[in-house]
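Participant: Only the shape, not the letters, is given here:
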C-alpha cells in the first residue's frame, strides 16, 4: 500500500468541472505546511499568528464567501455536507478573528488553526467537492 505525504493530492480526472478547486486546495495545503514549518523552526509566536491572520483575511475569508455563495448553493441549505462545510468556515473565522493575546487559545492558535484548516481542506477535496460535482453532473445529464 502506497502512503501519501501531506502535499500529495489524489489524481483527478481532467474532465472534472471543479478541477480548479482541487488545485487551489493543494496550494492551501502548502499554506498549512508553511505554518507547521514556522512552528518547528521556532519562529516568533506573534509573527506566525500575524502571518496566519494576514493570509487568512486576505485570501481564505474571501474564498469562503465565494464558496458559500457560488458552490455551496448547488446543494440544499439543510444538507449535512453543506452544514458541515459552513460550520468549519465559521469555526476558522471565529478562531482567527476572536483569539487575542489575552485568550487561553492564543498559545495554541497556529497549531490549532493548521489542524482545522487541513481537516477542512481534506473534507472539501475528499467528500464535499466530489458530491457537488456529481450533483452538478446529474443535473446537466437530466437537462
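Facilitator: It's in. Quantities reported herein were computed from a predicted structural model and do not represent experimental measurements.
Participant: Low-confidence bits of this structure, can you list those?
Facilitator: Residues of the chain that meet the criterion pLDDT under 70 lie in 1-20, 22, 137-143.
Participant: 80 instead, please
Facilitator: Along the chain, segments meeting pLDDT under 80 span 1-24, 136-143.
Participant: Would you mark the buried spots in the longest helix seen in it?
Facilitator: The helix that spans the most residues within the chain, counting by DSSP state H, is helix 19-40. By 16 or more other Cβ atoms under 10 Å, the buried positions in helix 19-40 come out as 21-22, 25, 28-29, 31-32, 35-36, 38. (Each C-beta comes from the backbone N, C-alpha and C, glycine too.)
Participant: and the very next helix or strand once past it, which residues are buried?
Facilitator: Going down the chain from helix 19-40, the next helix or strand is helix 45-55, by DSSP states H and E. For helix 45-55, the neighbour count (16+ other Cβ under 10 Å) marks 48-49, 51-52, 55 as buried.
Participant: any residues touching helix 45-55, and which ones?
Facilitator: Identification of contacts with helix 45-55 by Cβ atoms under 8 Å, 6 or more residues apart in numbering yields 31, 34-35, 38-39, 96, 101, 106-107, 109-110, 113.
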